[in-house]
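**Student:** quick check, what structure comes out for this input:
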Amino acid sequence: MIIAIDGPAGVGKSTVAKLLAARLGYLYLDTGALYRAVAWKTLQSRIHPTDHAQVATLLPTTSIHMQFHHGAMQVLVDGVDVTGQLRMPEVTASASLVSAISAVREWLLPIQRQIGQGGSVVAEGRDIGTKVFPAAPFKFFLDADADVRVARRHRELVAAGRGGSIETTSRDLSERDQRDRSRAVDPLVLASDARFIDTSALSPDQVVEQMIATVSTGL
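**Tutor:** Residues are numbered from 1 along each chain as shown. Prediction:
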């Protein structure tokens, strides 16, 4: 059983996916962590994330694995647990850039699908329902008003000790949206068979309740 959740940044995908996975007893797959892992390796190798050719040369000699302990996800790059470093500001910024590289997306595709074959999974990202798991029986696409998304992301950054001005957050989010929606390979789009949920005025628990209602009627 695979439940796919897509949507732009700041709509609450990660929070909702974790809650849904916990409620159902499924694994939570944060596909963004895989792109962050590639970004981490790129930075460690002193390669600029916009240098597509050089980033691609890293992939054949890179190993990325996800492992789960009591529901918690760990990401290993070349055998090293880098989970705690994947939310660093420089990794976050680089992840958005490497995710636009077609070679990276194709390289990570079988890794994501292999995880999905390991059991029941709630997977969240930006191309889960359209590319990674197009046959997933349940697909959701979350979105929210731009101002709501900016406020949510800014609160997340402040809570993590990385909060700048809200204007900077708004600009960064807008640039990320542009990259995600306009990239040539696997852009962020609403899958034709996905259920759209506007989370602007909903709490994470309310979103999860809607999802569970949909899933329960289809089982």
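**Student:** output the below-cut-off pLDDT ranges for this protein.
**Tutor:** Low-confidence segments of the chain (pLDDT under 70): 71, 219.
**Student:** helices along that one, start to end?
**Tutor:** 13-24, 31-44, 52-58, 89-98, 102-116, 146-159, 166-182, 204-218 (DSSP state H).
**Student:** go through those and pick out the most buried.
**Tutor:** Of all the helices of the chain, helix 31-44 carries the top mean neighbour count, a mean of 23, counting by mean count of other Cβ atoms under 10 Å. Using the backbone N, CA and C atoms, a C-beta is placed for each residue, glycine as well.
**Student:** centre of the chain to that helix, how far?
**Tutor:** How far helix 31-44 lies from its chain's middle: 12 Å, per Cα atoms, centre = their mean, to the nearest Å.
**Student:** run through who's touching it.
**Tutor:** The contact list for helix 31-44, computed with Cβ atoms under 8 Å, 6 or more residues apart in numbering, reads 14, 48-49, 55, 58-59, 62, 64, 66, 73, 75, 77-78, 82-83, 85-87, 90-92, 94-95, 97-99, 104, 108, 111-112, 123-126, 128, 132.
**Student:** and with 6 Å instead?
**Tutor:** Residues outside helix 31-44 that contact it (Cβ atoms under 6 Å, 6 or more residues apart in numbering) are 49, 55, 58, 62, 64, 75, 77, 82, 86, 91, 94-95, 98-99, 104, 108, 112, 125.
**Student:** and the angle for it with helix 89-98?
**Tutor:** 110 degrees (axes from the mean of the first three to the mean of the last three Cα atoms, to 10 degrees).
**Student:** can you state the direction angle for helix 31-44 and helix 13-24?
**Tutor:** 130 degrees.
**Student:** kindly calculate the angle that helix 31-44 makes with helix 102-116.
**Tutor:** Between the axes of helix 31-44 and helix 102-116, defined by the same axes, to 10 degrees, the angle is 130 degrees.
**Student:** and the helices of the chain as JSON lines, adding distance to residue 2?
**Tutor:** As requested, those are exported to JSON lines (distance: least, Cβ to Cβ, whole Å):
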{"stretch": "helix 13-24", "distance to residue 2": "11"}
{"stretch": "helix 31-44", "distance to residue 2": "12"}
{"stretch": "helix 52-58", "distance to residue 2": "28"}
{"stretch": "helix 89-98", "distance to residue 2": "23"}
{"stretch": "helix 102-116", "distance to residue 2": "5"}
{"stretch": "helix 146-159", "distance to residue 2": "26"}
{"stretch": "helix 166-182", "distance to residue 2": "21"}
{"stretch": "helix 204-218", "distance to residue 2": "11"}
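**Student:** out of those helices, the one nearest residue 193 is which?
**Tutor:** Of all the helices of the chain, helix 204-218 sits nearest to residue 193, with 11.7 Å by Cβ to Cβ.
**Student:** for that closest one, name the packing helices and strands.
**Tutor:** In terms of contacts (3 or more Cβ pairs under 6 Å, 6 or more residues apart in numbering; DSSP states H and E), helix 204-218 is packed against helix 13-24.
**Student:** so the helix it packs on versus helix 204-218, what angle?
**Tutor:** Relative orientation of helix 13-24 and helix 204-218, computed by the same axes, to 10 degrees: 50 degrees.
**Student:** alpha carbons only: can I get helix 13-24 in PDB?
**Tutor:** Extracted C-alpha coordinates of helix 13-24, given in PDB (Å, rounded to 0.1, in the frame of the first residue of the first chain):
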ATOM      1  CA  LYS A  13       3.200  17.900   3.600                       C
ATOM      2  CA  SER A  14       5.900  16.600   6.000                       C
ATOM      3  CA  THR A  15       3.800  17.200   9.100                       C
ATOM      4  CA  VAL A  16       0.700  15.600   7.600                       C
ATOM      5  CA  ALA A  17       2.600  12.700   6.100                       C
ATOM      6  CA  LYS A  18       4.200  11.900   9.500                       C
ATOM      7  CA  LEU A  19       0.900  12.000  11.300                       C
ATOM      8  CA  LEU A  20      -0.800   9.900   8.600                       C
ATOM      9  CA  ALA A  21       2.000   7.300   8.700                       C
ATOM     10  CA  ALA A  22       1.800   7.100  12.500                       C
ATOM     11  CA  ARG A  23      -2.000   6.700  12.500                       C
ATOM     12  CA  LEU A  24      -1.900   3.900   9.900                       C
END
